[in-house]
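# starting from these lines, generate the structure:
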Amino acid sequence: MKIPSLYSRSSTRACFGSIAGGVIALSVMAAPLEAAIINDVDFEVAYSGNALPTASDPTWTQGGSAGSASASSETGILTLQTNATGSYRYILNESSGYWDGADAEGITVEFSLSVISQTGSRSATHLSLSDGSKNYNFQIAEDEIFLGATSTSGARYAMDTTVVNTFRLTLSEGVMSVYVNQNVTPVIVGYEGVASTGNEIYWGDNSNFTGGTTHWDYLAFTTSGAFAPVPEPSLLSLGGLGALLMLFVSRRYRKQNTVLS
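A predicted model of the protein is given here:
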């Protein structure tokens, strides 16, 4: 008796290969998805690079003249060019009505950028925030990030910043932590800042040791709490689902192969 093509060995192998390929693809897809993050922070202020900060809502104050900036509505990227001879930065302070680090329950700042070139001896750009008693200065060089005026072993992290990266800074009870690309483990922890009476947040260049060209995608912050990244729990089961499907298909193939033999 002729075996129907649906159950022929070649068709069975093809069927198995097709299904197994799909299962393998699902398992491979699950690997990066397991590291996906829920970015569920309700940011009070969010800036996008499709407009100059001085033309955004809220309006950032531009300080210094040693640089230039251009925004693209097509790419949503702000290109910031500064040199190491002065300052060029964007500021929100207490009088703006949008920033008050002194009255904060905790602070979370998140932003995405890439370093195109560095001319400063220490960094290409930086972000600084003050809460009325201390200042926290986050600096980004081409090959590392660090907290403070200079790179020290306890508050630095070597990485490639010439590609797009997302940084999240959290400040709780006077201690800052730094997270990279939504990883739940901070790469820098325990930085306690330096004494300062300022109460503001600014980013760009405010030092003769900082300068370069950077592309900024967005920047957002809240003073309602220090929120670390949170993993996506619903995606953690995809790897297990893929393994179960593979086991089922493998058993079915062996059963059909035994009958055909």
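# okay, which residue is most central for this structure?
Thr166 (2.1 Å; Cα atoms, centre = their mean).
# do I have it right that it meets Glu110?
Yes: A contact is recorded between Thr166 and Glu110 when judged using Cβ atoms under 8 Å, the distance being 6.7 Å. To be clear about C-beta, it is placed using only N, CA and C from the backbone, and glycine gets the same treatment.
# excluding residues flanking it in the chain, which one is nearest the residue nearest to the centre of the chain?
The shortest distance from Thr166 to any residue other than its chain neighbours is 4.5 Å, reached at Ser112 (Cβ to Cβ, 6 or more residues apart in numbering).
# so how far is Thr161 from the residue nearest to Thr59 when sequence neighbours are not counted?
Taking Cβ to Cβ, 6+ apart, and ignoring the residues beside it in sequence, Thr59 has Pro53 as its nearest neighbour in space, at 7.6 Å. Pro53 sits 21 Å away from Thr161, going by Cβ to Cβ, to the nearest Å.
# for Gly212, same thing?
When Cβ to Cβ is applied, the distance between Gly212 and Thr161 equals 10 Å.
# common neighbours of these two, please.
Taking Cβ atoms under 8 Å, 6 or more residues apart in numbering as the contact criterion, the common neighbours of Gly212 and Thr161 are Val115, Ala124, Glu142.
# okay if I get those residues as TSV plus neighbour count and secondary structure?
Formatted as TSV, the entries for those read as follows, by neighbours: other Cβ atoms under 10 Å; DSSP: H, G, I helix; E, B strand; the rest coil:
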residue	neighbour count	secondary structure
Val115	22	strand
Ala124	26	coil
Glu142	15	coil
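# strands paired with the helix or strand that contains Ile91, and their directions?
Taking DSSP states H and E as the criterion, the element that holds Ile91 is strand 88-93. According to DSSP bridges, strand 88-93 forms sheet pairs with strand 61-64 (antiparallel), strand 200-205 (antiparallel).
# pick the most buried one from these.
Comparing the strands paired with strand 88-93 by mean neighbour count (mean count of other Cβ atoms under 10 Å), strand 200-205 ranks first with a mean of 26.
# convert it to PDB, retaining C-alpha atoms only.
Coordinates of each C-alpha in strand 200-205 appear next as PDB, following Å, rounded to 0.1, in the frame of the first residue of the first chain:
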ATOM      1  CA  GLU A 200      19.500  72.400  38.800                       C
ATOM      2  CA  ILE A 201      20.100  69.900  36.000                       C
ATOM      3  CA  TYR A 202      22.100  70.600  32.900                       C
ATOM      4  CA  TRP A 203      23.700  68.700  30.100                       C
ATOM      5  CA  GLY A 204      26.300  69.500  27.400                       C
ATOM      6  CA  ASP A 205      29.600  71.100  28.200                       C
END
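# heading C-terminal from it, find the next helix or strand.
If you walk from strand 200-205 toward the C-terminus, the next helix or strand you reach (DSSP H and E) is strand 212-222.
# what's that following strand packed up against?
In terms of contacts (3 or more Cβ pairs under 8 Å, 6 or more residues apart in numbering; DSSP states H and E), strand 212-222 is packed against strand 45-48, strand 78-82, strand 107-118, strand 125-130, strand 200-205.
# circling back: show me how far the strand holding Ile91 is from its chain's centre.
Distance of strand 88-93 from its chain centroid, counting by Cα atoms, centre = their mean, to the nearest Å, is 21 Å.
# send over that strand as CSV, restricted to the C-alpha atoms.
These are the backbone C-alpha positions of strand 88-93, laid out as CSV (Å, rounded to 0.1, in the frame of the first residue of the first chain):
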residue,chain,number,x,y,z
TYR,A,88,27.7,75.3,26.1
ARG,A,89,24.9,73.6,27.9
TYR,A,90,21.2,73.4,28.5
ILE,A,91,19.8,74.1,31.9
LEU,A,92,16.6,73.7,34.0
ASN,A,93,16.8,75.1,37.6
